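Asker: Okay, predicted coordinates and the sequence, questions at the end:
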Amino acid sequence: MDRVFSGIQPTGELHIGNWLGAVKNWVELQDRYECLYCAVDLHVLTVKYDPATLAERTREMLVSLMAAGLDPERSIIFAQSHVPEHTRLMWFFTNVTGIGELERMTQFKDKSQRMERVPAGLLMYPVLQAADILLYRANKVPVGEDQVQHLELSRDVARAWNAEFAPDEPYFPEPQPLLTPAKRIMGLDGEAKMSKSLGNTIGIFETPEQIWDKLKPAKTDPARKTKKDPGTPELCNLYTLHQHFSPAETVTAVADKCRSAGWGCLECKRVLADTVTAQLAPIRERGEALRADRSGVDRAIARGAERARALAVDTMRGVERRMGFLPVIQG
Ligand code: TYM
């Protein structure tokens, strides 16, 4: 059976970029596949982070995922650090991965450029990601476009390991990305990808007032200087958001009013604020209910770890046997 795995870094709150690009799809996939979704707290270590807030952020990310519609009964929802096999498999994989391949990763090049002393963990980041996926022998990975290169590396790792240790019958599948039409949501600055670290986001738990405060100054079609200038919706980042948040007839109306200068950008933003607020309202409500039930959330997280671990231990048994380790023999 096809198995789905995906992960998200608990580096801040879940924003509409993650949500549209990945998590919304994760929710839908629950009906069709066996799914595992993970807050990848071990990946956080590759950049400077605050140990005092890591636990709460990890918990909050898992709460956000559940609020967004991931169901801990149907899917396995867990924290990466609760399953020690992730790092164990990663070590095995580091020995079938070329340093040159890792140095070519775009995200490594971007992040390492801004650092004086580059930690080895940052270079190994995609090997841990390969281990995350392959530990569960998952073959489908729903992600945004920025993760596609890391997935290519995961396939290379699977292929190299299979060639070395399972030449007759591949043990690991070659995981494929599942992209959505929202594979790259731009930030409200209209300049860069929406990203936690750039502060150009709308969080899924933000209030109607916060959403409006963020949309009001957001960048639109740069050629539209005044309300009287007709605009080009295709060049406007907020039109893209309308396409994801607003009903079809609103999207058509927005495009017409923009092209004919019937509406100014502020009026268009008002409508967008309303549709974003309406779509996020049930998520915010579920978030509040989950936060009020701390022990229920803790139980769900513990159960997720237990279920993930059972699968992980099983995979590792097959890995260690094929790699030739001495098994523990009870006397
Ligand atoms: P992360 O935490 O940066 O992002 C989580 C998911 O959200 C997608 N995403 C976006 N999609 C569209 N537009 C955007 N602006 C946007 N920003 C983020 C990302 O593509 C991702 O799917 N390395 C991963 C985490 C990871 C992982 C894994 C993913 C670790 N192990 C194994 C899949 C499988 C990351 O940093 O995602």
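Answerer: That came through fine.

Asker: And for residue 15, the neighbour number?
Answerer: 23 (other CB atoms under 10 Å). Glycine gets a C-beta too; all of them are placed from N, C-alpha and C.

Asker: What sits closest to it if chain neighbours are left out?
Answerer: Leaving aside its chain neighbours, residue 15 sits nearest to residue 201 (3.6 Å; criterion: CB to CB, 6 or more residues apart in numbering).

Asker: quick one, phi/psi of that neighbour?
Answerer: phi -110, psi 170 (degrees, to the nearest 10).

Asker: just the strands in the chain please.
Answerer: 3-8, 34-39, 76-79, 140-142, 176-178 (DSSP state E).

Asker: what residues are up against the residue nearest to residue 216 when sequence neighbours are not counted?
Answerer: Nearest residue to residue 216, sequence neighbours excluded (CB to CB, 6+ apart): residue 269, at 6.4 Å. By CB atoms under 8 Å, 6 or more residues apart in numbering, the contact set of residue 269 is 215-216, 218, 220, 238.

Asker: give me that answer again for 10 Å
Answerer: 212, 214-218, 220, 238, 241-242, 263 (CB atoms under 10 Å, 6 or more residues apart in numbering).

Asker: And it, how far from the ligand?
Answerer: With distances taken as CB to the nearest ligand atom, to the nearest Å, residue 269 is found 19 Å from the ligand.

Asker: Distance of that residue relative to residue 285?
Answerer: Distance, residue 269 to residue 285, by CB to CB, to the nearest Å: 24 Å.

Asker: Which of the contacts of residue 269 sits closest to residue 139?
Answerer: Distance to residue 139 across those (CB to CB) is lowest for residue 241, with 31.9 Å.

Asker: and the residue lying closest to that closest one once chain neighbours are set aside, how many neighbours does it have?
Answerer: Closest residue to residue 241 apart from its sequence neighbours, by CB to CB, 6+ apart: residue 272 at 6.0 Å. Residue 272 sits with 22 neighbouring residues when counted by other CB under 10 Å.

Asker: ok now do residue 272, which residues does it touch?
Answerer: The neighbours of residue 272, taking CB under 10 Å, 6+ apart as the test, are 211-212, 215, 218, 238-239, 241-242, 245-246, 250, 254.

Asker: Return the set of residues that bridge with the most centrally placed residue in the chain.
Answerer: The C-alpha lying nearest the average C-alpha coordinate of the chain belongs to residue 8 (CA atoms, centre = their mean; 4.0 Å). With DSSP bridges as the criterion, residue 8 is bridged to residue 39.

Asker: Touching, it and residue 60? I think so.
Answerer: No. Between residue 8 and residue 60 there is no contact under CB atoms under 10 Å: 11.6 Å.

Asker: nearest residue to the closest residue to the ligand within the stretch 51-200 of the chain other than its sequence neighbours?
Answerer: At 2.4 Å from the ligand, residue 144 is the closest residue in the stretch 51-200 of the chain, using CB to the nearest ligand atom. Closest residue to residue 144 apart from its sequence neighbours, by CB to CB, 6+ apart: residue 21 at 3.5 Å.

Asker: So residue 30 versus residue 237, what's the distance?
Answerer: 30 Å.

Asker: what mean pLDDT does stretch 274-285 have?
Answerer: Mean pLDDT, stretch 274-285: 98.

Asker: sorry, that was for stretch 18-35
Answerer: 97.

Asker: Now do that stretch: distance to the chain's middle.
Answerer: 10 Å (CA atoms, centre = their mean, to the nearest Å).

Asker: With stretch 17-27 instead?
Answerer: Offset of stretch 17-27 from its chain centre (CA atoms, centre = their mean): 7 Å.

Asker: next one: stretch 262-281
Answerer: 26 Å.

Asker: Flag every buried residue along that stretch.
Answerer: 263-265, 268-269, 271-277, 279-280 (16 or more other CB atoms under 10 Å).

Asker: Find the pair from those residues with maximum spatial separation.
Answerer: Farthest pair in the buried residues of stretch 262-281, by CB to CB: 264 and 280, 24.5 Å.

Asker: what about stretch 44-62 and the ligand, any contact?
Answerer: No. Using CB under 6 Å from any ligand atom, stretch 44-62 never reaches the ligand; the gap is at least 8.8 Å.

Asker: distance between that stretch and the chain's centre?
Answerer: Relative to its chain's centre, stretch 44-62 lies at 15 Å (CA atoms, centre = their mean).

Asker: Same question for that stretch: list its buried residues.
Answerer: 44-47, 54, 57-62.

Asker: Helices of the protein, start to end?
Answerer: Secondary structure of the chain (DSSP state H): helices at 16-18, 24-29, 41-44, 51-67, 85-94, 99-103, 106-113, 120-134, 148-165, 208-215, 237-245, 248-259, 265-292, 294-323.

Asker: Mind checking those helices for the one nearest to residue 2?
Answerer: With CB to CB, the closest approach to residue 2 among the helices of the chain belongs to helix 24-29: 9.5 Å.
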